[in-house]
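Peer 1: Turn this into a model:
(one chain, ligands or ions: 1)
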Amino acid sequence: MALQLLPSTLSVPKKGSSLGAAAKETASFVGVSRKAPLSLAVRTRVATAPPPVSTPAQGATTSSPGAKKTLRQGVVVITGASSGLGLAAAKALSETGKWHVVMACRDFLKASKAAKSAGMATGSYTVMHLDLASLDSVRQFVEHFRRTGMPLDALVCNAAIYRPTASTPTFTADGVEMSVGVNHLGHFLLARLLMDDLKSSDYPSRRLVIVGSITGNDNTLAGNVPPKADLGDLRGLAGGLSGSSSGSAMIDGSASFDGAKAYKDSKVCNMLTMQEFHRRYHEETGITFASLYPGCIATTGLFREHVPLFRALFPAFQRFITKGFVSEAESGKRLAQVVAEPSLTKSGVYWSWNKDSASFENQLSKEASDPEKARKVWELSEKLVGLA
Ligand SMILES: NC(=O)c1ccc[n+]([C@@H]2O[C@H](COP(=O)([O-])OP(=O)(O)OC[C@H]3O[C@@H](n4cnc5c(N)ncnc54)[C@H](OP(=O)(O)O)[C@@H]3O)[C@@H](O)[C@H]2O)c1
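Peer 2: Purely as a prediction, here's the structure:
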């Protein structure tokens, strides 16, 4: 059984678009690496995808007399599993039969339909409502998840919004700029709250995966396309990203808003957060913390707010010009590897894949691997989500 709280956040319509921005952003997603080789909820409804998991709540192995001990089914929570990378990874993991997938999504019906049309077997997944644009919704999700009695063996922070043409900010239910609010702060609170659940899991390899992006790394060609990610001295984040007369909506404190940069900055926060989790918790808990760049998945809904010409040309540009195109199915397999592959247990790593689809440990940019900045982002984020 799954619980749904209908979307609790109002989003201001997007503004502004230009072909120039389209060209710029086409380049910024080329995906070339130098290293190559209840809240405000208005209604509550209980809804289900499949019946409860066939996962023993305790005991990493199951056995019957005379039978060999087998690893129990793992339980993975994936945010933003209603489309794109998240859906493809949910499908890949559920198809193995080794994982039960909790699809943590803001649009319950969309997620249910997506799971069905992707051919995910009934019983292999549960859809639960989570709106990362509301900290109350995040807290409620954690409560509801715990009430299901399922263990938590892996958490994937995947959901994101990207507002490449926006020149004015929109805000979460908590009054924080939307890109950083959803992509970073919502996930930060979720991961912090669910650490206790991950810690108490008896699964042999527990993992927390935070999806990163090449666009936040200025040690790549893609990451050098303006506007470049730059968190500056974090004065905007310290001010709460409220965009009010006294505060900026940008992490670096800039007076003007740039939707493309806000997204890239949020991905830097994602990658810094993964490393800070690693430093603070890996040794003590044995949990594996990882991030990844799944490749340029040019067909996903991430680009929905882009200008039509960009959306029309981008997949072909990636497929034939940069050759950086990765299908949703392939990207889903990559994310599934980071969740489940026994060979990818190293913690603190940012994974990428080469042209033969072989995984390798990639280098993060100077800013995205700066431990002092990671510590500051962690501490400021704790304040903004009410943990400090
Ligand atoms: N596409 C690429 O080329 C690419 C490259 C590098 C990294 N990535 C990363 O991959 C991840 C997935 O992106 P994608 O390309 O698969 O895009 P996508 O298809 O648009 O998926 C994004 C998901 O996030 C969900 N989401 C958005 N706002 C949310 C909120 N407030 N609360 C809960 N869920 C929310 C969306 O839900 P709805 O379905 O309800 O909209 C959707 O399920 C992101 O972290 C992105 O940064 C993508």
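Peer 1: Spell out which parts of this protein neighbour the ligand.
Peer 2: Proximity of the chain to the ligand, by CB under 6 Å from any ligand atom, involves residues 29, 79-80, 82-86, 105-107, 110, 130-133, 158-161, 182, 211, 213, 267, 293-294, 296-297, 300-302. For glycine as for every other residue, the C-beta is placed from the backbone atoms N, C-alpha and C.
Peer 1: Mind checking which of those are in helices?
Peer 2: Using DSSP state H, 84, 85, 86, 110, 267 are the members of these that sit in helices.
Peer 1: For the residue of the chain found nearest the ligand, report the pLDDT, please.
Peer 2: At 2.2 Å from the ligand, residue 84 is the closest residue in the chain, using CB to the nearest ligand atom. According to the prediction, residue 84 has pLDDT 98.
Peer 1: Low-confidence ranges, the chain, go.
Peer 2: 1-59, 62-68 (pLDDT under 70).
Peer 1: sorry, back to before: the residue of the chain closest to the ligand and residue 303 touch, don't they?
Peer 2: No. Under the criterion of CB atoms under 8 Å, residue 84 makes no contact with residue 303, lying 9.8 Å away.
Peer 1: which residues touch the residue nearest the centre of the chain?
Peer 2: Closest to where the C-alpha atoms of the chain average out (CA atoms, centre = their mean) is residue 158, at 1.9 Å. Residues counted as contacts of residue 158 (CB atoms under 8 Å, 6 or more residues apart in numbering) are 78, 79, 80, 81, 85, 86, 89, 209, 211, 335.
Peer 1: so what's the residue of the chain closest to the ligand closest to, chain neighbours aside?
Peer 2: Spatial nearest neighbour of residue 84, chain neighbours left out: residue 300 (3.3 Å); criterion: CB to CB, 6 or more residues apart in numbering.
Peer 1: Likewise for residue 169?
Peer 2: For residue 169, ignoring the flanking residues on the chain, the nearest one in space by CB to CB, 6+ apart is residue 249 at 3.9 Å.
Peer 1: residue boundaries of the helices in the stretch 51-200 of the chain?
Peer 2: 84-95, 108-117, 135-148, 178-180, 187-200 (DSSP state H, counting those that start in this stretch).
Peer 1: Burial check on the residue nearest to residue 84, number of neighbours?
Peer 2: 19 (other CB atoms under 10 Å).
Peer 1: show me the contacts for it.
Peer 2: Residue 300 sits in contact with 83, 84, 85, 328, where contact means CB under 8 Å, 6+ apart.
Peer 1: picking that back up, could the contacts of residue 158 be laid out in a markdown table, adding neighbour count?
Peer 2: Output for the contacts of residue 158, formatted as a markdown table (neighbours: other CB atoms under 10 Å):
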| residue | neighbour count |
| --- | --- |
| 78 | 30 |
| 79 | 27 |
| 80 | 29 |
| 81 | 32 |
| 85 | 27 |
| 86 | 30 |
| 89 | 32 |
| 209 | 25 |
| 211 | 29 |
| 335 | 24 |
